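Enquirer: Sharing a sequence plus its predicted fold:
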Amino acid sequence: MNNDEYTVTDGPDVEPVTTAQAKTHARVDTSDDDTYIGTLITAARRYCEQYTRRTFVTTTYEWTLRSLPAGELVVPRPPLQSVSSIKYIDTDGNEQTWSSDDYQVSTAGVVGRIKPAYSETWPSYRGYDYDAVTVTFVAGYGDAATDVPEEIVHAIKFLVAHWYEHREPVLVGTSITSIPLTVKNLLGPYRVPEAF
(Lines give C-alpha, C1' and ligand atoms only; values in the text may rest on other atoms or scores of the structure.)
Protein backbone atom coordinates (compact mmCIF):
# COMPACT_ATOMS: atom_id res chain seq x y z
CA MET A 1 0.00 0.00 0.00
CA ASN A 2 0.94 3.65 -0.29
CA ASN A 3 3.20 5.00 2.44
CA ASP A 4 1.05 8.07 3.04
CA GLU A 5 -1.16 8.89 6.01
CA TYR A 6 -4.84 8.31 6.71
CA THR A 7 -6.94 9.34 9.68
CA VAL A 8 -10.43 8.45 10.86
CA THR A 9 -12.84 11.39 10.48
CA ASP A 10 -16.10 9.60 11.31
CA GLY A 11 -17.12 6.30 12.90
CA PRO A 12 -17.47 3.52 13.55
CA ASP A 13 -20.79 4.02 15.32
CA VAL A 14 -20.92 0.51 16.82
CA GLU A 15 -18.44 -2.18 17.78
CA PRO A 16 -18.60 -5.64 16.13
CA VAL A 17 -19.08 -7.19 19.59
CA THR A 18 -21.43 -5.99 22.34
CA THR A 19 -20.47 -5.94 25.99
CA ALA A 20 -23.07 -8.65 26.64
CA GLN A 21 -21.59 -10.90 23.95
CA ALA A 22 -18.07 -10.41 25.29
CA LYS A 23 -19.20 -11.18 28.83
CA THR A 24 -20.96 -14.35 27.74
CA HIS A 25 -17.84 -15.52 25.91
CA ALA A 26 -15.59 -14.69 28.89
CA ARG A 27 -18.13 -16.16 31.36
CA VAL A 28 -18.44 -12.92 33.31
CA ASP A 29 -21.64 -12.75 35.40
CA THR A 30 -21.17 -9.42 37.15
CA SER A 31 -21.70 -5.93 35.72
CA ASP A 32 -18.85 -4.44 37.78
CA ASP A 33 -16.41 -4.56 34.87
CA ASP A 34 -18.76 -3.55 32.04
CA THR A 35 -16.92 -0.28 31.32
CA TYR A 36 -13.56 -2.03 31.38
CA ILE A 37 -14.81 -4.77 29.06
CA GLY A 38 -16.11 -2.08 26.72
CA THR A 39 -12.62 -0.58 26.46
CA LEU A 40 -11.19 -4.05 25.80
CA ILE A 41 -13.67 -4.54 22.94
CA THR A 42 -12.53 -1.31 21.27
CA ALA A 43 -8.87 -2.17 21.79
CA ALA A 44 -9.42 -5.69 20.42
CA ARG A 45 -11.25 -4.38 17.37
CA ARG A 46 -8.44 -1.92 16.66
CA TYR A 47 -5.83 -4.64 17.07
CA CYS A 48 -7.72 -6.97 14.71
CA GLU A 49 -8.16 -4.18 12.16
CA GLN A 50 -4.45 -3.40 12.31
CA TYR A 51 -3.54 -7.09 12.01
CA THR A 52 -5.81 -7.67 9.02
CA ARG A 53 -5.22 -4.19 7.53
CA ARG A 54 -9.01 -3.90 7.15
CA THR A 55 -11.95 -1.84 8.42
CA PHE A 56 -14.81 -3.73 10.04
CA VAL A 57 -17.69 -1.29 10.59
CA THR A 58 -18.40 1.71 8.31
CA THR A 59 -15.73 4.36 8.87
CA THR A 60 -14.79 7.51 6.97
CA TYR A 61 -11.10 8.21 6.37
CA GLU A 62 -9.13 11.18 5.13
CA TRP A 63 -6.08 9.95 3.21
CA THR A 64 -3.33 12.44 2.40
CA LEU A 65 -0.75 11.69 -0.29
CA ARG A 66 2.41 13.44 -1.39
CA SER A 67 2.10 12.23 -4.96
CA LEU A 68 -0.09 10.28 -7.37
CA PRO A 69 1.03 7.09 -9.16
CA ALA A 70 1.51 6.64 -12.88
CA GLY A 71 -1.25 4.01 -12.80
CA GLU A 72 -3.89 3.43 -10.13
CA LEU A 73 -4.26 4.25 -6.45
CA VAL A 74 -4.72 1.28 -4.12
CA VAL A 75 -6.96 2.44 -1.28
CA PRO A 76 -5.95 1.32 2.23
CA ARG A 77 -8.20 -0.23 4.88
CA PRO A 78 -10.57 -2.33 2.75
CA PRO A 79 -13.30 -3.18 2.05
CA LEU A 80 -13.84 0.11 0.20
CA GLN A 81 -17.46 1.27 0.08
CA SER A 82 -17.10 4.59 -1.75
CA VAL A 83 -14.91 7.60 -2.48
CA SER A 84 -16.46 10.85 -1.23
CA SER A 85 -13.99 13.28 -2.78
CA ILE A 86 -10.50 13.77 -4.17
CA LYS A 87 -8.96 17.17 -3.48
CA TYR A 88 -5.56 18.42 -4.55
CA ILE A 89 -3.31 21.47 -4.36
CA ASP A 90 -2.95 22.84 -7.88
CA THR A 91 0.29 24.26 -9.25
CA ASP A 92 -0.74 27.74 -8.05
CA GLY A 93 -1.16 26.49 -4.49
CA ASN A 94 -4.97 26.50 -4.45
CA GLU A 95 -7.13 23.57 -3.29
CA GLN A 96 -9.27 22.04 -6.02
CA THR A 97 -11.81 19.19 -6.03
CA TRP A 98 -11.36 16.69 -8.82
CA SER A 99 -14.65 15.93 -10.58
CA SER A 100 -15.93 12.41 -9.95
CA ASP A 101 -16.63 12.22 -13.70
CA ASP A 102 -12.87 12.23 -14.26
CA TYR A 103 -12.00 9.11 -12.27
CA GLN A 104 -13.16 5.52 -11.78
CA VAL A 105 -13.57 3.70 -8.48
CA SER A 106 -13.48 -0.08 -8.16
CA THR A 107 -14.82 -1.66 -4.97
CA ALA A 108 -14.42 -5.20 -6.30
CA GLY A 109 -11.55 -7.41 -5.23
CA VAL A 110 -9.52 -7.50 -2.04
CA VAL A 111 -8.75 -3.76 -2.09
CA GLY A 112 -10.43 -0.75 -3.66
CA ARG A 113 -8.77 1.10 -6.52
CA ILE A 114 -8.97 4.53 -8.13
CA LYS A 115 -7.73 5.55 -11.57
CA PRO A 116 -8.47 8.26 -14.13
CA ALA A 117 -11.51 7.69 -16.32
CA TYR A 118 -11.02 6.70 -19.95
CA SER A 119 -9.08 9.41 -21.83
CA GLU A 120 -8.49 11.34 -18.57
CA THR A 121 -5.23 11.81 -16.63
CA TRP A 122 -4.46 12.62 -13.02
CA PRO A 123 -4.85 16.36 -12.32
CA SER A 124 -1.79 18.62 -12.24
CA TYR A 125 -0.89 19.15 -8.60
CA ARG A 126 1.93 20.70 -6.63
CA GLY A 127 4.02 17.60 -6.14
CA TYR A 128 5.54 16.36 -2.93
CA ASP A 129 3.70 18.69 -0.58
CA TYR A 130 2.74 16.62 2.45
CA ASP A 131 -0.93 17.19 1.64
CA ALA A 132 -0.71 17.48 -2.16
CA VAL A 133 -3.71 15.16 -2.57
CA THR A 134 -6.48 14.29 -0.08
CA VAL A 135 -8.83 11.37 -0.70
CA THR A 136 -11.89 11.06 1.52
CA PHE A 137 -13.28 7.53 1.43
CA VAL A 138 -15.67 5.24 3.29
CA ALA A 139 -14.69 1.67 4.18
CA GLY A 140 -16.03 -1.28 6.15
CA TYR A 141 -18.30 -4.30 5.78
CA GLY A 142 -21.38 -2.24 6.68
CA ASP A 143 -23.03 -0.06 9.32
CA ALA A 144 -24.12 -2.89 11.62
CA ALA A 145 -22.16 -5.30 13.79
CA THR A 146 -23.94 -8.16 12.00
CA ASP A 147 -22.24 -7.13 8.73
CA VAL A 148 -18.84 -8.18 10.10
CA PRO A 149 -17.76 -11.76 9.24
CA GLU A 150 -18.27 -14.24 12.08
CA GLU A 151 -14.60 -15.28 12.18
CA ILE A 152 -13.60 -11.68 12.92
CA VAL A 153 -16.29 -11.36 15.59
CA HIS A 154 -15.03 -14.55 17.26
CA ALA A 155 -11.44 -13.32 17.12
CA ILE A 156 -12.43 -10.11 18.92
CA LYS A 157 -14.29 -12.09 21.60
CA PHE A 158 -11.33 -14.43 22.11
CA LEU A 159 -8.97 -11.47 22.43
CA VAL A 160 -11.22 -9.64 24.91
CA ALA A 161 -11.50 -12.77 27.06
CA HIS A 162 -7.72 -13.27 26.92
CA TRP A 163 -6.98 -9.69 27.97
CA TYR A 164 -9.65 -9.78 30.66
CA GLU A 165 -8.17 -12.93 32.17
CA HIS A 166 -4.51 -11.88 31.82
CA ARG A 167 -4.14 -8.23 32.79
CA GLU A 168 -0.39 -8.31 33.43
CA PRO A 169 2.02 -7.99 30.47
CA VAL A 170 4.04 -11.03 31.63
CA LEU A 171 2.99 -13.96 33.84
CA VAL A 172 5.86 -15.56 35.72
CA GLY A 173 5.98 -19.34 35.49
CA THR A 174 3.96 -19.65 32.29
CA SER A 175 4.83 -19.66 28.62
CA ILE A 176 4.53 -16.21 27.08
CA THR A 177 1.89 -15.77 24.38
CA SER A 178 1.14 -12.16 23.54
CA ILE A 179 -1.81 -12.92 21.25
CA PRO A 180 -3.58 -16.31 21.29
CA LEU A 181 -2.92 -18.44 18.21
CA THR A 182 -6.67 -18.93 17.82
CA VAL A 183 -7.09 -15.20 17.15
CA LYS A 184 -4.45 -15.17 14.42
CA ASN A 185 -5.88 -18.32 12.85
CA LEU A 186 -9.34 -16.78 12.71
CA LEU A 187 -8.02 -13.52 11.24
CA GLY A 188 -5.56 -15.13 8.82
CA PRO A 189 -7.93 -15.50 5.84
CA TYR A 190 -8.88 -11.83 6.12
CA ARG A 191 -5.36 -10.43 6.29
CA VAL A 192 -4.56 -8.13 3.38
CA PRO A 193 -1.05 -8.75 1.97
CA GLU A 194 1.42 -5.91 2.50
CA ALA A 195 2.00 -5.94 -1.27
CA PHE A 196 -1.25 -3.98 -1.61
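Expert: Perfect, thanks for sending it.

Enquirer: Can you give the contact residues for stretch 32-51?
Expert: Contact with stretch 32-51 is made by 15-19, 22-23, 26, 28, 55-56, 77, 152, 155-156, 159-160, 163-164, 179, 183-184, 187, 191, as judged by CB atoms under 8 Å, 6 or more residues apart in numbering. No exception for glycine: its C-beta is placed from N, CA and C like everyone else's.

Enquirer: The helix ranked longest in the chain: which residues count as buried?
Expert: Scanning the chain for the longest helix, with DSSP state H as the assignment, gives helix 34-52. Buried residues in helix 34-52, counted by 16 or more other CB atoms under 10 Å: 37-38, 40-41, 44-45, 47-49, 51-52.

Enquirer: And the contacts of stretch 32-51, which of them are buried?
Expert: Listed as buried from these are 15-17, 19, 22-23, 26, 28, 55-56, 77, 152, 155-156, 159-160, 163-164, 179, 183, 187; burial here means 16+ other CB under 10 Å.

Enquirer: Restricted to strands, list those.
Expert: Counting by DSSP state E, no part of the buried ones among the contacts of stretch 32-51 is found in strands.

Enquirer: Report the separation between E194 and Y51.
Expert: 12 Å (CB to CB, to the nearest Å).

Enquirer: nope, A20 is what I meant
Expert: Using CB to CB, A20 is found at 25 Å from Y51.
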